[in-house]
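Participant: I would like the atomic coordinates for the input below:
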Amino acid sequence: MRSQIGKKAVIFVLAVCLLAAPAVPASAKVGGRAYDLLSDIMFTYKKQGPSSYLEIQRLIGELKEVDPALGNAWGQVMEVWNFVNTELEVQYDDLPNGLPQDDSLCIVVLGFQLDPDGAMTEELIGRCGVALNCARQYPNAYIAVTGGGTALRKPEFTEADQMAAWLVENGVEESRIIVENRSQTTVQNAQFTSKILLEQYPQVKSIAIVTSDYHVPLGCLLFSEQFIFLSYATGIDLIPVMANAGYKAKTPLPYSPANEAPDVWAMFETIDS
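Facilitator: Predicted coordinates for the structure are as follows:
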């Protein structure tokens, strides 16, 4: 399958105006009717998935009446969540044409568990190979590698450092590579990478996700959600997920609304103001 720039990418671009309501911490406690509605939204989509779309829209409408800014943010998140489970297409091996050809694009490569001795697994090397294709395709883009220490016997070895070294050895200029080497989960991949980009690379205005094919939907969802809630919480301009490139994994892992839901909620609860 192929991802596209255009109609099917509209939800990920999410070129929305900044929310008019005052910025508030997204991680603050949500109480009363708003909390009840969010619980209903999460439970409904977790259990019923895309078939609950109309009910989700009804609940979002009620949430907007209670808290317009929170409702707008969750409305965007739910559009993305539904999109990745219905229409998102995985682009294999490289990115689609038509992305920015300058350093406003950052290609984000998600890590994978290292072998106990710190070596990269076949799957992580596969992700790096796709990232190399993308780096050559967009020679002015930054390449962000994200993943912490996951080697059982070599905790000092990190996924991101191993990926960065591999990319440099294969011809990518070190000055293009951004290293995030603390994260342990996909949620943290999005949280820590977004922090680096916002604080150190203000020229970055869009990102593309590189990971294994089965992991593309979750990666796109969580990075989109992170920037939606950061916009809600702090008023920053939204950085959209524009596209993806997937490595065809030999043993794909299943993802569904049921097992995506804990990460979706964890992201919301841990947004910093």
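
Participant: give me the element the nearest residue to Ala73 once chain neighbours are set aside is part of.
Facilitator: Distances taken as CB to CB, 6 or more residues apart in numbering put Tyr232 closest to Ala73, at 3.9 Å, once the chain neighbours are dropped. Any C-beta I mention is one placed from the backbone N, CA and C, and that applies to glycine too. Here Tyr232 sits within helix 216-234, counting by DSSP states H and E.

Participant: what angle separates whatever helix or strand comes next after that helix from helix 216-234?
Facilitator: Counting by DSSP H and E, the next helix or strand C-terminal to helix 216-234 is strand 241-247. Between strand 241-247 and helix 216-234, the angle comes out at 150 degrees (axes from the mean of the first three to the mean of the last three CA atoms, to 10 degrees).

Participant: what residues of the helix or strand just after strand 241-247 count as buried?
Facilitator: Scanning forward in sequence from strand 241-247 by DSSP H and E, the next helix or strand is helix 257-269. Buried residues in helix 257-269, counting neighbours by 16 or more other CB atoms under 10 Å, are found at Pro257, Glu260, Ala261, Asp263, Val264, Met267, Phe268.

Participant: which elements pack onto helix 257-269?
Facilitator: helix 32-48, helix 68-84, helix 186-200, helix 216-234 (3 or more CB pairs under 8 Å, 6 or more residues apart in numbering; DSSP states H and E).

Participant: in the stretch 1-150 of the chain, which spans are helices?
Facilitator: With DSSP state H, counting those that start in this stretch, the ranges of helices along the stretch 1-150 of the chain come out as 10-13, 32-48, 53-66, 68-84, 122-137.

Participant: could those go into JSON lines alongside mean pLDDT and mean neighbour count?
Facilitator: Below are the helices of the stretch 1-150 of the chain laid out as JSON lines (pLDDT from 0 to 100; neighbours: other CB atoms under 10 Å):
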{"stretch": "helix 10-13", "mean pLDDT": "41", "mean neighbour count": "19"}
{"stretch": "helix 32-48", "mean pLDDT": "95", "mean neighbour count": "16"}
{"stretch": "helix 53-66", "mean pLDDT": "97", "mean neighbour count": "16"}
{"stretch": "helix 68-84", "mean pLDDT": "96", "mean neighbour count": "21"}
{"stretch": "helix 122-137", "mean pLDDT": "98", "mean neighbour count": "20"}
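
Participant: over to Ile207: give its phi and psi.
Facilitator: phi -130, psi 160 (degrees, to the nearest 10).

Participant: burial of it, as a residue count?
Facilitator: For Ile207, the count of nearby residues is 29 (other CB atoms under 10 Å).

Participant: hmm, Cys106 and it touching each other?
Facilitator: Yes - using CB atoms under 8 Å, Ile207 is in contact with Cys106, at 4.9 Å.

Participant: as TSV, the helices of the stretch 1-150 of the chain with distance to Ile143 would be great.
Facilitator: Listed next are those as TSV, based on distance: least, CB to CB, whole Å:
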stretch	distance to Ile143
helix 10-13	20
helix 32-48	33
helix 53-66	35
helix 68-84	23
helix 122-137	5
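
Participant: find residues that contact each of Ile207 and Cys106.
Facilitator: Counting by CB atoms under 8 Å, 6 or more residues apart in numbering, the common neighbours of Ile207 and Cys106 are Ala144, Leu197.

Participant: low-scoring pLDDT stretches of the chain, where are they?
Facilitator: Scanning the chain for pLDDT under 70 picks out 1-29, 272-273.

Participant: not including adjacent chain positions, what is the nearest residue to the residue lying farthest from the centre of the chain?
Facilitator: Going by CA atoms, centre = their mean, the residue of the chain most distant from its centre is Gly32, 29.6 Å out. Closest residue in space to Gly32, ignoring its immediate chain neighbours: Val66 at 7.8 Å, by CB to CB, 6+ apart.

Participant: that neighbour: what's it in contact with?
Facilitator: Gly32, Arg33, Ala34, Leu37.

Participant: nearest to Trp81, of those?
Facilitator: The shortest gap between Trp81 and any of those belongs to Leu37, at 15.8 Å (CB to CB).
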